[in-house]
Every structure is written in structure tokens, then in C-alpha cells.
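1. curious how this folds, go ahead:
(one chain, ligands or ions: 1)
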Amino acid sequence: VVPVAPGPRVLEWHTVVVREDRIHEVLPTSDGRRRYPDATRVDLRGQALIPGLVNAHTHAAMSLLRGLADDMPLMEWLQTRIWPAEARFVSDQFVADGTAVAALEMVLGGITTFNDMYFFPQGAIRSAVATGIRIQSGLTYVATPTPYARSEDEYIERGLDAVAAWQGTPLVSFAWAPHSTYAASTESWDRLPQLLEAHPFPLHTHVQETLDEVDRAVAQDGLTPLARIHRAGLLRSPFAGAHGVHLRDGDLDLLAGSGASIVHCPSSNLKLASGIAPVVAMLTSGVNVAIGTDGAASNNRLDMWQEMRAAALLAKAQTGDAAALSAHQALTMATLGGARALGQEALIGSIEVGKAADLVSVDLSGVAAQPTYHPISHLVYVAGREDVTNVWVAGRPVVVDRRCTTVDTNEVLARCDDWREQIWSGRPD
Ligand SMILES: [Zn+2]
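-> Modelled structure (predicted):
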């Protein structure tokens, strides 16, 4: 058992006792057999049991646009490929079907919670609930009209409809998710404190992803996007700011002083040539850092194992220090760091008594994992999502022996294929 907190411990030959949806006790396996003779036992020898991974930034429905266009500069990619496809195809059903395939990919890869930001949140919530994965659904808005809403007021209204319909549903929570300081209007950011009074949800936004974004903001009023958000009184905890690649003097202090989190998305930042976020400097300053995949259109995998490894390796090359960002730190960012960014650290992110039984078992008995001296090192530098065998969310087994038990995989794939045909035949030249 690798509980992640407190500290880099490995509890060999231990058992996690689950009662209903919670972790009831963690104890040596021999004691477990004696104390709970009637419990249903799942034998996981040769495996590591870790807390469920938290994908702290994604746009799940964009899985339907995975690989539609790659190897293009960010703005050209968005303007000529992604936005036209979204304008034409995005609907409640698109989001439900896209999120279904994303949720299946995520849960099979050991992700038990995702922090989502996309249009038609009710479509995403339906599919997440059907899959049995935890969703923090972003109430998204941008200043430009889309098939989802014509104005920021309408975006917000439709977001609140989702809250009214789903609040209180197990595994479902909400965040305010203005897209970014450049895509949502200043007026809508200024309105947010008022919305927070009625609905005190965490915040989720994109922040300082590209150099151009920061340069433009600073040219406008001398403030970085983080400084603007701070000025509006909205840099706080929980706040999940995706990317944070380009930080200026003062940004780190604002983050550290406010308790706001940055969600590191290394693969997306590499693929779109945005840069490499200064994660070690953030951690040194006391900033909480989570990990996210971003959407499958810009990654193209919803694979937290790849992100953990990329985070650890990039940090070492970036700082010239092989001791930077240890395996334990990478695993912590992908679990407890994500839980903190979502304001859910009391519920998820580590294997501790009283927390939700969001658990993932990882097979370390294969050839490529031999010999195993340090399981935590193997989890980050050796293991991959193909090694995930069993996944529980709130105590419910959603993956058993590498198969999802909650949804019909063939049905999810068939709907995905229908969309592929539609989108491919309707793609811009
Ligand atoms: Zn994003």
C-alpha cells in the first residue's frame, strides 16, 4: 500500500479495509484476516495499491477531436481546425459521447477524479455518473457565442441549470470555470465574487499558458493574468489554474500567498510548444501543484502516468538537478496535489482512514518491473496505465481485471465511431 500521505511510505503486506464508500482501516494483512474474517477479500499480491489519480485539468468531450489535427502552431490549430469543428458539431450528445469515451479511458488508466471544463456540462455529468468516475464539472463561460450559449449571462444560466439538476448527486461536484482572462470578459470576472457568494465553488481556469497571452495582458494594463485575478479578489483556495507556464516576477508570491494551485500539463505544453512550467520553483515557494492531461485534442492521451513521468523528467532537465521533483513528489502531485487544487483534500487524494475509497491497484509483478526495490520509484519511472488492474471509486469496483464493469465498452466505441464519420466528412479543407 502506497498511501501517499503522510510522506513517502510503503506499507508492505498491508490491507485496506473498505466499508461502504470509505476507507475504514489500513492494517497488516495478517491482522486483517483475523479481524475481518467475513469480509470480501481481493487478493492483490504483487501489486501496489495507490490512491486514485486526479486529472486536475481536462476537456473530456474533446476526445472526439483526438488526432483530428496535430503538429500545428497553437493559434492556427485552434482557428482552422478545433474551433470550426466545435462550432459545427458540439452539442449535448457530442459532449455525452465524447465524455463517455474519455471517462472509460481515464478510469481504465487509474484516474478516479477529473476536473472538467467544457460546454454542455450536463452531457459530461451524465456520462461520468454512468461510468462511476468522480467529476468536478466546470461551469464554463467565454465572451464569444457558441452553440451552447449566446452570451456570458446565458453560459452562467446554463451552468446553474446543471447545478440545479445534479447538485447532491454522488461523485458530482462543481467549479466556476471562466475559460481564461483573455477569453472571458473583464465584466464576467468582476461578477464572479457575487456568484461565489451564492455558489461557493472552487475556481478552474486557464492561466499563463503561452508567452503571447502574458505579453498581451501586461501590455494592456501592466498586470499578468494572475495579477488581474488577484486584483479581482479571486486568487484563493481552491483555485486550479491550468498551465502556469510563463510566470513573471511576483506571480509566484501571489500564488504562494493565496493558496491557489497550478495544474501542470506537461505533454500539452510540449505538444503545443507553449514551454515548460517552472514546477520546481513553484514547489520551492510552497505553491500546490497538481497534474492534468488537458484535452485529448492537445495531448493526445488522457494518461496521468505519462504526465507524472514527464513532470519528473522535465523538472530535472530544466533545473540541471537530478534530485529535483522526486518520484514521490510526482505521485503526490497526481493525487493529493490534485485533490487540493479541487478543494477535495478532505475526501480524496491519499489512502487515509475516513477518506473515500478511491483506490487503484497496479501490477508490479511483470518482467519490466523486476526487480522491485522501491515501489514508489517504479510507479513513476516504470509503470504505465497498462499495469492498472483494478479501480474502485467510492468503494465501488469500476475496473476489475482491466475491464470496466459499469459501461458497455462496445457501445461507447460505436458511438465514438459514428462521430468520427460525421466529423471526418464535415471537416474543413
Ligand atoms: Zn485546457
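2. from here on, just use CA atoms for contacts and neighbour counts.
-> Fine.
3. tell me who's in contact with A357.
-> 18, 21-23, 351, 392-395 (CA atoms under 8 Å, 6 or more residues apart in numbering).
4. of those, buried ones?
-> By neighbour count, with 16 or more other CA atoms under 10 Å, those hold 18, 21-23, 351, 392-395 as buried.
5. any buried residues in the lowest-mean-pLDDT helix or strand in the chain, and which?
-> Across the helices and strands of the chain, mean pLDDT, DSSP states H and E gives its lowest value to helix 74-77, namely a mean of 86. By neighbour count with 16+ other CA under 10 Å, helix 74-77 contains the buried residues W77.
6. can I get the helix or strand that comes right after it in PDB? Just the C-alpha atoms.
-> Per DSSP states H and E, the first helix or strand lying C-terminal to helix 74-77 is helix 83-89. What follows is helix 83-89, C-alpha atoms only, in PDB (Å, rounded to 0.1, in the frame of the first residue of the first chain):
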ATOM      1  CA  TRP A  83     -12.900  25.900 -33.300                       C
ATOM      2  CA  PRO A  84     -14.600  25.200 -36.600                       C
ATOM      3  CA  ALA A  85     -15.200  21.600 -35.700                       C
ATOM      4  CA  GLU A  86     -16.600  22.700 -32.300                       C
ATOM      5  CA  ALA A  87     -18.900  25.300 -33.800                       C
ATOM      6  CA  ARG A  88     -20.300  22.700 -36.200                       C
ATOM      7  CA  PHE A  89     -20.600  19.600 -34.000                       C
END
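7. after helix 83-89 comes which helix or strand?
-> Downstream of helix 83-89 (by DSSP H and E), the next one is helix 92-108.
8. show me how far that following helix is from its chain's centre.
-> Chain-centre distance of helix 92-108: 14 Å, with CA atoms, centre = their mean, to the nearest Å.
9. contacts for it, please.
-> By CA under 8 Å, 6+ apart, helix 92-108 touches 60-64, 112, 119-128, 131, 133, 302-303, 385, 388, 391, 398-399, 402-404, 409, 412-413, 415-416, 419.
10. next: stretch 18-29.
-> Residues contacting stretch 18-29 (CA under 8 Å, 6+ apart): 12-17, 351-357, 393-396.
11. re earlier: what would the contacts of A357 look like in TSV with secondary structure?
-> Shown next, in TSV, are those (DSSP: H, G, I helix; E, B strand; the rest coil):
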residue	secondary structure
V18	strand
D21	coil
R22	strand
I23	strand
I351	coil
W392	strand
V393	strand
A394	coil
G395	coil
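12. sort out which one of those residues lies nearest V245 for me.
-> I351 (30.5 Å; CA to CA).
13. pLDDT wise, what is the closest one at?
-> Confidence at I351, expressed as pLDDT, is 98.
14. before we move on, the earlier item: can you list contacts of the least confident helix or strand of the chain?
-> By CA under 8 Å, 6+ apart, helix 74-77 touches 69-70, 272-273.
15. compare those residues and tell me which is most surrounded.
-> L272 (19 neighbours; other CA atoms under 10 Å).
16. wait, it touches S298, no?
-> Yes. Contact criterion CA atoms under 8 Å: L272 and S298 qualify, at 7.1 Å.
17. measure stretch 31-42 end to end?
-> One end of stretch 31-42 to the other measures 15 Å (CA to CA, to the nearest Å).
18. please list all residues in contact with the most centrally placed residue in the chain.
-> The centre of the chain sits closest to N55, judged by CA atoms, centre = their mean, with a distance of 2.0 Å. Taking CA under 8 Å, 6+ apart, we find N55 in contact with 111, 113-115, 291-293, 304, 334, 338.
19. tell me the bridge partners for it.
-> On the basis of DSSP bridges, N55 is bridged to F114.
20. OK, contacts around P147?
-> Taking CA under 8 Å, 6+ apart as the test, what P147 contacts is 87, 90-91.
21. same thing with I135?
-> Neighbouring residues of I135 by CA under 8 Å, 6+ apart: 113-116, 125, 128, 171-173.
22. and for P6, the neighbour number?
-> A count of nearby residues for P6, using other CA under 10 Å, gives 9.
23. mind checking the SS state of it?
-> coil.
24. measure it to E105 for me?
-> 29 Å.
25. of the contacts of helix 92-108, just the buried ones, ChimeraX syntax please.
-> This is how ChimeraX selects the buried members of the contacts of helix 92-108, with burial counted by 16+ other CA under 10 Å:
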select :60,61,62,63,64,112,119,120,121,122,123,124,125,126,127,128,131,133,302,303,385,388,391,398,399,402,403,404,412,413,415,416,419
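26. residues near D153, how many?
-> 14.
27. ugh, wrong one, I meant A56
-> Counted with other CA under 10 Å, A56 comes out at 34.
28. isn't it right up against Q344?
-> No. With contact defined as CA under 8 Å, A56 does not count as touching Q344 (11.3 Å).
29. which two among the contacts of I135 are spaced furthest apart?
-> D116 and L171 (13.1 Å).
30. more neighbours, the two?
-> Legend: neighbour count by other CA under 10 Å for D116 and L171, higher for D116 (29 against 18).
31. okay, now N115: neighbour count?
-> Neighbours of N115 using other CA under 10 Å come to 27.
32. my guess is it contacts H57. True?
-> Yes. Between N115 and H57 there is a contact under CA under 8 Å: 5.2 Å.
33. how many residues are close by the closest residue to L342 other than its chain neighbours?
-> Computed as CA to CA, 6 or more residues apart in numbering, the closest residue to L342 that is not its neighbour in sequence is P238, at 5.9 Å. Each residue near P238 was counted by other CA under 10 Å, and the total is 22.
34. try the one 10 residues further on
-> Here the number of neighbours of R248 (other CA under 10 Å) works out to 14.
35. that one and H230: what is the separation?
-> Distance from R248 to H230, by CA to CA: 14 Å.
36. over to W166?
-> If you go by CA to CA, the gap between W166 and H230 works out to 30 Å.
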